[in-house]
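Visitor: build the 3D model from these lines:
(4 chains)
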2 protein chains.
Amino acid sequence: MLIDKNSPIPQYFQFQTWLVDQIEQGIFKPNDKIPTEDEFMQMSGLARSTIRQAIQNLVVQGYLTRKRRLGTFVTIPPSVSGRSNIIGILVHDIRSGYAPEFLRGAGDEASKNHYSIILSNTDDLFSRAEFHTNRLIDHGVKGIIFMPTAASVEKNSQLLERFRRRSIPVVTVDRIIPGVKVDSITTDNFFGAYELTSHLIQEGHTRIAITLSTRVSSEMQRLEGYKKALSDHNIPIDSTLIITNQERFIETHYLQYAKFILSQREKFTAIVAGSDRIAYIIYTVADEMGIRIPEDISMVGYDDLVLHNTHPLALTTVHQPIYEMGQEAMKILLDRIDGKDFELKNIVLQSKLIVRGSVLPPGKST
Amino acid sequence: MLIDKNSPIPQYFQFQTWLVDQIEQGIFKPNDKIPTEDEFMQMSGLARSTIRQAIQNLVVQGYLTRKRRLGTFVTIPPSVSGRSNIIGILVHDIRSGYAPEFLRGAGDEASKNHYSIILSNTDDLFSRAEFHTNRLIDHGVKGIIFMPTAASVEKNSQLLERFRRRSIPVVTVDRIIPGVKVDSITTDNFFGAYELTSHLIQEGHTRIAITLSTRVSSEMQRLEGYKKALSDHNIPIDSTLIITNQERFIETHYLQYAKFILSQREKFTAIVAGSDRIAYIIYTVADEMGIRIPEDISMVGYDDLVLHNTHPLALTTVHQPIYEMGQEAMKILLDRIDGKDFELKNIVLQSKLIVRGSVLPPGKST
DNA sequence: TTTATATAATTGTACGTACAATTAAATAAT
DNA sequence: ATTATTTAATTGTACGTACAATTATATAAA
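Guide: Okay, here's the model as predicted:
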C-alpha cells in the first residue's frame, strides 16, 4: 500500500481505493476480518481518523461491516437480484387463528435483520400459491417461507422446484412435504396428539373419536400420534371412530361433520378435535343437541389460540409455539441467505399439553 | 435544539435526529440552505467534527447536499421511479381479530392488479411504525395503507409527511388523524354505536355503561354515537358510566377494567363493550362473579368476528365490513398511484347492527 | 467596460488526544 | 460444572487544531 501525501487525490480516498481493490481482487475475502484501525495506521502512516473515514465510506457502500471489539469484516456480496432484502411468506389461510402470531414472529425476526416481508395469502389453493410464487420471484425476494397448501406432494414440490432453480432458499413450515429435501419447521404434532390421547386414556377413556383432515401432513401426524397412544395402551383402533375428510377448512362443512359425529355419540366417550376451532364448533352443535361437554362427552382440541380463551369451555388442548416457529423459520432462512452451509434442517418444536377442564372420566354423567 | 450531553444517545445522533425532524416538518424546506457548520457549532455547543458526522450521514441518506463555499442544502426528494409494484401496509396489531380479514381484502385486490403487499406490524407503537416507514420507503413502495398508531396526531402526521415528501400516496384506514388531509376509509363508528345504544334503549335500558379506549379516533366516535343516542332519547349522560382508558389493548389490563366495571353493577343494566373481544372478557369475568349475561346485565359488542361465533353467548354487536374496507382502501390507493386526480376521499363504510341474544329488557332477572 | 486578482465564506482533508461502550475470552467464585 | 466477574481488544463518540480547496463577490487593473 502506498499513500502519496503530495497527490491531489485525498489520502483517505487513496486508502479507500486500495482497500476496495484488495476486496475486489479477493485478497480480503468475504467474512474475512481485515486489519484493525491501529494496524492500518502503522501500515499506512495515516491517522486513525483518516483510516476511519475510508472504512466508514466502505461500510456505507456495503463492502464492510464492523463490530465493536470484534473487528471489521468483508461482507458477502449481495446476490444478483439487487439488494431488495425482502422475504416472501406464503400462508395458506390468513384467517386461521395462528397466522397472525406466526407472521408476528417471522416479521419481528425479519425486522431485526433489516428484511421486510411480502405477505401472500393462498387460501390453501394451489392455483393461488402458484400465482403468488411467480410474483415473488419477479419481486426478487431473497427467500421464501412456505406453508404448503393442501395440494398433492407433486404440486407442492413443483413450486419448490421453481425456487430451487433460481437458488432462492425456502423454509417450509407447519406442514412438511414428504420426501422433499428442504429446510422445515413444524411442531411436534405426533407427540402432541399422543399426549392428548394418552391424557384421555389416563382419565379412563377407551372409546375415543378423532376428527381431522387427512390432506395435510400436520393432521396426518396427529392421527399417527393418536393411534400410537391407543396401541401403547392396548386399546384396539376402531376405524369407525376416525372421521377424516379431505377438504380445506370450510365452516359449514364442519358443522355437518360435527352433527354426523355427535349422532354416533353412543360409540365413544371422548373426542379429539383436529383443532380448537373445530372443537368449539362441535361444542356449539353439541349444545344445540342437548349434549353437555365435558359432562356427557369429553373433548380435547389443538392449537391453544389466545382469541378463544374467553370461551366458557376451558378446553384441554395442545399449545403450539407459533411465534417461535415464525422466528425460527426466519432465522434459518436468513442463515441460508447468508450462505451458511449447514446441513438440511428439519426442526420440530415441542408442543405442550395444556390441561384445562374439558375432560372428565367417562360415565360421570350427572 | 437541545443536546443532552449525558444521554446515552450519541450527541451526533441527537443532532442528526433533530435535523431530520426539521426537514420532515418542513422547517427546512427543499432547496433551502441550512445553517453552516460554524453556526450549528454555536447553536448546539458541539464540536465541528461532531456536526460534520451528523451532516455527512444525512448526505448519505439523501436528505442534504453540500457545496464548498456555498453551504448545505435540503435535497428535493426523488420521485419514486422503481418498478416495484409493492404496497406497504402498516397494521397496528396483527393479532387483533380483524387484521387478517383486512389483509385478505387488501391482498386480494392488490393481486388482482398485480401488486404485492409488504406487511409491517407496528404493535401500535409509534417507534416501530417509524422504523417500518423508513424501510418501506427504502423498498420503493408505490403506496401505503396506514392504520394510524395510538400515538399523537403530531407523530402520525409526521409519518405521513415523510411519504408526502416523496410523493408516495397514502390511505389511512380504521382510524383517522384529525385535521390531516389524506384519503381515508373508516367504518361508521358513530352510527354503529348510535344504533347499538338505541337498540338497548328500545329494549328498555336507560342506565347504560360503556367501556372503550379514548386513544384512537374510532373508539372516540363510538363514544359520540353512544352519547347522541342517549340525548336523542332524553336520557341524561352519566359520566361515571363512561369507563375509558388510554392504553393499547393489553389483555390483563382489560380483566381489571372488567372487574372494576362489574363491581358497580347496580349502577347500570347494560354494557356497551368497546369490542367483541372486550365483551367476551367481561362475560368471562361476570361468569366468575356469578353475574349472568344477558339475564342480569345486557351487553353488546363491536366487530362481529367470525372466530368468536362459537361462543355460547350470542352477542348482539355491529358488523364491520372489514374485508371490504381492505378492498376499498387498496382500490383508492391504486387509483392514486395511477394518477387519478380525484378530490380527497374520506369514505365511511356502513356498519350493520347484528341483533343476537345478549340483550334482554332490564329487570327480567329470573 | 472588461478582465484579472484578491478576499472571505464555507466545506474538505488530515492530524491528534481522550475516553466510552461492547463483548469474547480468561479468570474467579460457587 | 456452572455461573459470575474481570480483562483486554476493538470500534464508537467527542473534542480539538490546522490548513486546503472551492467559488461568489468585491476590488483592482487593463
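Visitor: going by C-alpha atoms from here, please, whenever you check contacts or count neighbours.
Guide: OK.
Visitor: host element of residue A:295?
Guide: For residue A:295, there is no enclosing helix or strand under DSSP states H and E.
Visitor: mind listing what residue A:94 touches?
Guide: Listed by Cα atoms under 8 Å, 6 or more residues apart in numbering or on different chains, the contact set of residue A:94 reads A:100, A:121, A:123, B:100-101, B:104.
Visitor: among the residues you listed, which one lies nearest to residue B:321?
Guide: When those are compared for distance to residue B:321 (Cα to Cα), residue B:101 wins out at 9.3 Å.
Visitor: how is that closest one assigned, secondary-structure-wise?
Guide: Taken by DSSP: H, G, I helix; E, B strand; the rest coil, the conformation at residue B:101 corresponds to helix.
Visitor: my guess is it meets residue A:95, correct?
Guide: Yes. Under the criterion of Cα atoms under 8 Å, residue B:101 makes contact with residue A:95 at 6.5 Å.
Visitor: report the two of the contacts of residue A:94 separated the most.
Guide: Farthest pair in the contacts of residue A:94, by Cα to Cα: A:100 and A:123, 14.4 Å.
Visitor: I'd like the contacts of residue A:94 as JSON lines, with neighbour count appended.
Guide: Below are those laid out as JSON lines (neighbours: other Cα atoms under 10 Å in any protein chain shown):
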{"residue": "A:100", "neighbour count": "23"}
{"residue": "A:121", "neighbour count": "23"}
{"residue": "A:123", "neighbour count": "21"}
{"residue": "B:100", "neighbour count": "24"}
{"residue": "B:101", "neighbour count": "20"}
{"residue": "B:104", "neighbour count": "25"}
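Visitor: and the helices in the stretch 251-366 of chain A?
Guide: Taking DSSP state H, counting those that start in this stretch, the helices of the stretch 251-366 of chain A run over residues A:251-262, A:276-288, A:322-337.
Visitor: redo the ones you listed as TSV? Include distance to residue A:112, mean neighbour count and mean pLDDT.
Guide: TSV is the format used below for the helices of the stretch 251-366 of chain A (distance: least, Cα to Cα, whole Å; neighbours: other Cα atoms under 10 Å in any protein chain shown; pLDDT from 0 to 100):
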stretch	distance to residue A:112	mean neighbour count	mean pLDDT
helix A:251-262	37	16	84
helix A:276-288	32	21	90
helix A:322-337	10	22	90
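Visitor: closest to DNA strand D out of these?
Guide: Closest to DNA strand D of these, according to Cα to the nearest atom of the strand: helix A:322-337, at 22.1 Å.
Visitor: ok, back up a step: so which of the helices of the stretch 251-366 of chain A gets nearest residue A:153?
Guide: That would be helix A:322-337 among the helices of the stretch 251-366 of chain A, by Cα to Cα, at 20.8 Å.
Visitor: list the buried residues of stretch A:352-366.
Guide: Neighbour-count burial for stretch A:352-366 flags A:352-354, A:357-362 (criterion: 16 or more other Cα atoms under 10 Å in any protein chain shown).
Visitor: which residues does the closest residue to chain B within chain A bridge with?
Guide: Relative to chain B, the nearest point of chain A is residue A:118 (4.2 Å; Cα to the nearest Cα). When bridges are called by DSSP bridges, residue A:118 pairs up with residue A:88, residue B:118.
Visitor: what residues are up against it?
Guide: So residue A:118 contacts A:86-89, A:136, B:116-119 (Cα under 8 Å, 6+ apart).
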